[in-house]
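Participant: Got a predicted model here, sequence first, then my questions.
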Amino acid sequence: MIAEAEAPAENGRGRPREGSLVRRLIALAAGWILVALILTGAVLTTFFKQAALMRFQDGVAEIAEGLLAGTTVSADGKVTAPDLIDARSLRTYSGTYWQIAEPTPAGIHPLSRSRSLWDADLDGPPKGLEQAIAKLGKPVFYDAVGPDGRPLRAVAIVALLPERTEPLIFMAAQDRTPVDQDARRFATLTWIALLLLGGGLVAAVLLQVRVGLSPLFDLGRAIAQVRQGKTQRLTGVWPREIAPLAGELNALLDHNQEVVERQRTHVGNLAHALKTPISVMLAETERHPGELAEVVSRQAAAMRGHVDHHLRRARAAARAQTAGERTLIEPVMDELAVTLERVFQDKGVVIDWRAPEDLWFRGERQDFLEIAGNIMENAGKWCRGRVRADATPSGPGRLTLTVEDDGPGLPADRRDQALKRGARLDESAPGSGLGLSIVDELVRAYGGRLTLGDASMGGLKVVVELPAAET
């Protein structure tokens, strides 16, 4: 039999595995995509910034090298800068600066500088002159601050001129703000593009997972159709990875049906084995009346009632565990109403019943016929002339059968006793006292509930909750 899982499955480490498989796959793919895009964005922006800075430095170095190439030293040691290094250096605070200086024990002493510096000086390399002197004739790049407070990219070249014994420091600098703005603009566009790319990749992964796992969803729907009674087995063509699972499920369904049929056979054999001796005993008591025969007859009748009761209960429990059984309620209600109105035609009983045309009971027809029949017969027995029965859906996978009558009703303190097996609240009324007890047993076998209450018509109201099959 197919049993519902009571706990989540556990993985090899003993921890329960819960949650959505689709969500898990998408989260894993999204995590890798996020890491890859972050690394890609960081590498691209860093590479672009470094490349832009290198190109910018080459331009700054050209100014310093032109300054070095055009500088002259007179016989008296006076240093003279070339007439024109860069036209931008002629405008105050233009962002392009140069300076010729000589090292002194106190630091750097400017000898000549561009007009753009006005009365300010360029800062030397932050690590001191030792770094520039150690790289004699080679440019040393560093960051500095301009006279107007803007960031600069500067270069210093220490070189010896033929007319001097002491080295000179040739410095040039340019405002690096445009380069930084280009780098930020590129980074912004890159992260926006990567964000859009990431969203597209996640959407593609979602589509891929949904399409890739669609056979599993189809398998779940097929199993639900079997459980709802729409089909008996899993049909269709399944992918190679899922086909073994579908085959095992079909084998399990077949085995489940075989077990149920075997139980029904055993129950039938037991019924035959018990009812035959009881029938013989009852026949003998009729042939030989007397005090002993009356006792035997009464006990044999009770035995027959108990056998019938437990047989019904066993059959109902077996059928309740069988997947695929479903019963349309409307024709059963119509059949019961017509039959019971004929049975109680001497009382003039009128049964007003209602049921949707598409309401299905998830179980066998005989069981619903017995549940509704016992309740409606009991209402017809005790009513004054009117019985009302309503079958309605009451939630996902549930339905409610309500039966009311206009009879004397039943006090609240005696309702529990009415559901006990063999209880008869009125010994003058015919019956064995098993009606509502049988109904209660059948309802419980299907995982439902039976409750008694006061009817709006004045009599007893019986409400039964049962499993419903989807249309």
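Facilitator: Sure thing, it's come through.

Participant: Which neighbouring elements make contact with the helix or strand hosting residue 339?
Facilitator: Using DSSP states H and E, residue 339 sits in helix 329-343. Helix 329-343 makes packing contacts with strand 350-354, helix 365-382, strand 386-395 when contacts are defined by 3 or more CB pairs under 8 Å, 6 or more residues apart in numbering; DSSP states H and E. In short, each C-beta sits where N, CA and C put it, glycine included.

Participant: Pull out the buried positions in the second one.
Facilitator: Neighbour counts over helix 365-382 (16 or more other CB atoms under 10 Å) mark 367-382 as buried.

Participant: closest to residue 304 out of the helices and strands packed on helix 329-343?
Facilitator: Residue 304 lies closest to helix 365-382 among the helices and strands packed on helix 329-343, at 17.1 Å (CB to CB).

Participant: What angle do strand 350-354 and that closest one make with each other?
Facilitator: Helix 365-382 and strand 350-354 are oriented at 140 degrees to each other (axes from the mean of the first three to the mean of the last three CA atoms, to 10 degrees).

Participant: and helix 365-382 with helix 329-343, angle?
Facilitator: Using the same axes, to 10 degrees, the direction of helix 365-382 lies 40 degrees away from that of helix 329-343.

Participant: ok, the closest residue to residue 82 other than its chain neighbours - how many residues close by?
Facilitator: Nearest-residue entry for residue 82: residue 70, 2.8 Å, with adjacent residues in sequence omitted and distances by CB to CB, 6 or more residues apart in numbering. When neighbours are counted by other CB atoms under 10 Å, residue 70 registers 13.

Participant: go on, residue 396?
Facilitator: Neighbour count of residue 396, defined by other CB under 10 Å: 7.

Participant: Same question for residue 265.
Facilitator: Neighbour tally, residue 265, other CB under 10 Å: 10.

Participant: What's the mean pLDDT across the one helix or strand it maps to?
Facilitator: Counting by DSSP H and E, the element that carries residue 265 is helix 243-287. On average, the pLDDT along helix 243-287 is 77.

Participant: what helices or strands is it leaning on?
Facilitator: Using 3+ CB pairs under 8 Å, 6+ apart as the contact test, the elements touching helix 243-287 are helix 214-227, helix 291-320.

Participant: Taking helix 214-227 as reference, get the angle to that helix.
Facilitator: Going by the same axes, to 10 degrees, helix 243-287 makes 10 degrees with helix 214-227.

Participant: Return the distance of helix 243-287 from the chain's centre.
Facilitator: 43 Å (CA atoms, centre = their mean, to the nearest Å).

Participant: Same check on stretch 166-178?
Facilitator: 62 Å.

Participant: likewise stretch 365-385?
Facilitator: With CA atoms, centre = their mean, you get 44 Å for stretch 365-385.

Participant: And residue 408, which helix or strand is it part of?
Facilitator: Per DSSP H and E: nothing holds residue 408, as it lies in no helix or strand.

Participant: quick one, what contacts residue 69?
Facilitator: If you count contacts by CB atoms under 8 Å, 6 or more residues apart in numbering, residue 69 has them with residue 82.

Participant: ok, now how distant is it from residue 83?
Facilitator: 13 Å (CB to CB, to the nearest Å).

Participant: What of residue 172?
Facilitator: Taken as CB to CB, the span from residue 172 to residue 83 is 16 Å.

Participant: Compare these two and say which is more crowded by neighbours.
Facilitator: residue 172 (30 against 6).

Participant: That one contacts residue 152, doesn't it?
Facilitator: No: the pair residue 172 / residue 152 is not scored as a contact, 9.7 Å apart, by CB atoms under 8 Å.

Participant: list residues touching both of these two?
Facilitator: Common neighbours of residue 172 and residue 152, using CB under 8 Å, 6+ apart, are residue 97.

Participant: and the residue nearest to residue 468 when sequence neighbours are not counted, what is it in contact with?
Facilitator: Of all residues not flanking residue 468 in the chain, residue 399 sits nearest, at 4.0 Å (CB to CB, 6+ apart). Applying CB under 8 Å, 6+ apart, we find residue 399 in contact with 329, 359, 361, 391-393, 465-468.

Participant: mind redoing it with 10 Å?
Facilitator: 329, 355-356, 359-362, 391-393, 448, 464-469 (CB atoms under 10 Å, 6 or more residues apart in numbering).
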